[in-house]
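Participant: can't give you the sequence, but here's the structure:
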């Protein structure tokens, strides 16, 4: 099973809402990633978790809060977002965070902030 | 900071043509380079991964090459099909994954 799943597929939220994005993999990978992708732009790295610990935070605003409850799950908690945060949010995983490993991507959650 | 550029930004070819997509990166200190395909509104599908010690990788109609010293990679697609229409992204993997700007490919039946 080389699949990374993400829920929900689509999300519409107001600026005062609190919501969460979920990502799951069962490949035994120990590194998981959140990326943000705006239309017609490449993905931009947001967070990296390695062995369930946050190892990289690319200066992401605090209205995005990642959480890694266990080695298979990665959440992204959203609060007080802005319309410019509307984007495709991609989750990925790899065997570990060493650079030689392939990253496997999920289908993404398309987020619209009104 | 690593900068990854892809040329052309968009490409339209008739079905059956062979084509080459280009990827250039500024920092040659990479561990590998990966090519992905992305369909509109979808996630990324890994196509080929070339380790820094390798020169090329092949999968079916796809062939990717890597020249670290010149900071270049190419993706060759043979006998293109309409189903190949998508955006192709390269990613240079150093201390982080740096994605290229992408090439939007349209194969016309």
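Facilitator: Now that the structure is in, tell me what you want to look at. All figures in this text were calculated on a predicted structure; none of them were measured in a lab. Numbers count the residues shown, from 1 in each chain, chains lettered A, B, ... in the order given.
Participant: run through who's touching stretch A:77-84.
Facilitator: Residues outside stretch A:77-84 that contact it (CB atoms under 8 Å, 6 or more residues apart in numbering or on different chains): A:13, A:15-21, A:63-67, A:85, A:111, A:113-114. C-beta: built from backbone N, CA, C; applies to glycine.
Participant: can you give me the strands in chain B?
Facilitator: Applying DSSP state E to chain B gives strands spanning B:4-7, B:10-14, B:19-25, B:32-38, B:44-51, B:56-59, B:62-67, B:72-77, B:86-93, B:97-99, B:103-108.
Participant: pull the distance from the first one to the chain's centre.
Facilitator: Strand B:4-7 has its C-alpha centroid displaced from the chain centroid by 9 Å (CA atoms, centre = their mean, to the nearest Å).
Participant: so what's the spatially most central residue of chain A bridging to?
Facilitator: The centroid of chain A falls nearest to residue A:34 when counting by CA atoms, centre = their mean (3.0 Å). Per DSSP bridges, the residues bridged to residue A:34 are residue A:47, residue A:91.
Participant: equivalent analysis for residue B:33, please.
Facilitator: Beta-bridge partners of residue B:33, counted by DSSP bridges, are residue B:50, residue B:92.
Participant: for chain A, see how far away it is.
Facilitator: Noted for residue B:33: a distance of 11 Å to chain A, by CB to the nearest CB, to the nearest Å.
Participant: surely that residue meets residue B:92?
Facilitator: Yes - Residue B:33 lies in contact with residue B:92 (CB atoms under 8 Å); the separation is 5.4 Å.
Participant: what residues are shared contacts of these two?
Facilitator: B:23, B:25.
Participant: in chain A, what helix or strand scores lowest on average pLDDT?
Facilitator: Within chain A, no helix or strand scores below strand A:53-57, which has a mean of 86 by mean pLDDT, DSSP states H and E.
Participant: for it, name the packing helices and strands.
Facilitator: Counting contacts by 3 or more CB pairs under 8 Å, 6 or more residues apart in numbering or on different chains; DSSP states H and E, strand A:53-57 packs against strand A:44-50, strand A:64-70.
Participant: that older thread, can you put the strands of chain B in TSV and add distance to residue A:49?
Facilitator: As requested, the strands of chain B are exported to TSV (distance: least, CB to CB, whole Å):
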stretch	distance to residue A:49
strand B:4-7	24
strand B:10-14	35
strand B:19-25	26
strand B:32-38	20
strand B:44-51	19
strand B:56-59	28
strand B:62-67	29
strand B:72-77	28
strand B:86-93	17
strand B:97-99	14
strand B:103-108	30
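Participant: wait, what's in contact with residue B:47?
Facilitator: Residues near residue B:47 by CB under 8 Å, 6+ apart: B:34, B:35, B:36, B:37, B:59, B:62, B:64, B:75, B:88.
Participant: nope, residue A:69 is what I was after
Facilitator: Listed by CB under 8 Å, 6+ apart, the contact set of residue A:69 reads residue A:75.
Participant: list the contacts of residue B:96.
Facilitator: A:45, A:56, B:2.
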